[in-house]
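Visitor: Next come a sequence and a model predicted from it.
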Amino acid sequence: MNPDPPSPEPETRRAVIARDAGLRRISSTTRWIATAVVALSGGLALIASNAFHGRAATTATQSSSTTTPTQQSTSNGQQTSSGAIQQPAQAPQSTVTQQQPVVVSGGS
């Protein structure tokens, strides 16, 4: 009677156990790295938001906003308020001449 050759089952079982342990380690490492990246991104965003404030919603008030409008004399001798909108002395003139637009169709 010939003895049966040793079965490869213990070697296979050890290999499967080692593979599973490696997969668990990689999975855990991946989770830790992902958590660290999210935390680092949040920290950098917080630092950037504190470092770069952007523009203020309100600007410093000018002295003319707190004082009453002063009277100014115009070239024709009339008194006007500095806060009032004045009409121009002459209507604006167009500097662009009217031309037909050039349309190119097709192309070859």
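Guide: Ah, there it is. Numbering: from 1, shown residues only.

Visitor: helices and strands of the chain: which one has the lowest mean pLDDT?
Guide: Here the helix or strand of the chain ranked lowest by mean pLDDT, DSSP states H and E is helix 63-66, holding a mean of 49.

Visitor: Let me know the average pLDDT across the longest helix along the chain.
Guide: Longest helix in the chain, counting residues (DSSP state H): helix 9-51. The pLDDT scores in helix 9-51 average 94.

Visitor: That one packs against which elements?
Guide: Using 3 or more Cβ pairs under 8 Å, 6 or more residues apart in numbering; DSSP states H and E, no helix or strand is in contact with helix 9-51. Yep, even glycine has a C-beta here, placed from its N, CA and C like the rest.

Visitor: what about E9, how many residues close to it?
Guide: E9 has 8 neighbours, counted by other Cβ atoms under 10 Å.

Visitor: Can you dump the C-alpha atoms of stretch 32-40 in PDB for me?
Guide: The C-alpha coordinates for stretch 32-40 follow below in PDB (Å, rounded to 0.1, in the frame of the first residue of the first chain):
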ATOM      1  CA  TRP A  32      -7.000  56.000   6.700                       C
ATOM      2  CA  ILE A  33      -5.500  57.700   3.600                       C
ATOM      3  CA  ALA A  34      -8.900  58.900   2.400                       C
ATOM      4  CA  THR A  35      -9.800  60.200   5.800                       C
ATOM      5  CA  ALA A  36      -6.400  62.100   6.000                       C
ATOM      6  CA  VAL A  37      -6.900  63.600   2.500                       C
ATOM      7  CA  VAL A  38     -10.400  64.800   3.400                       C
ATOM      8  CA  ALA A  39      -9.200  66.300   6.700                       C
ATOM      9  CA  LEU A  40      -6.200  67.900   5.000                       C
END
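
Visitor: No further questions, thank you.
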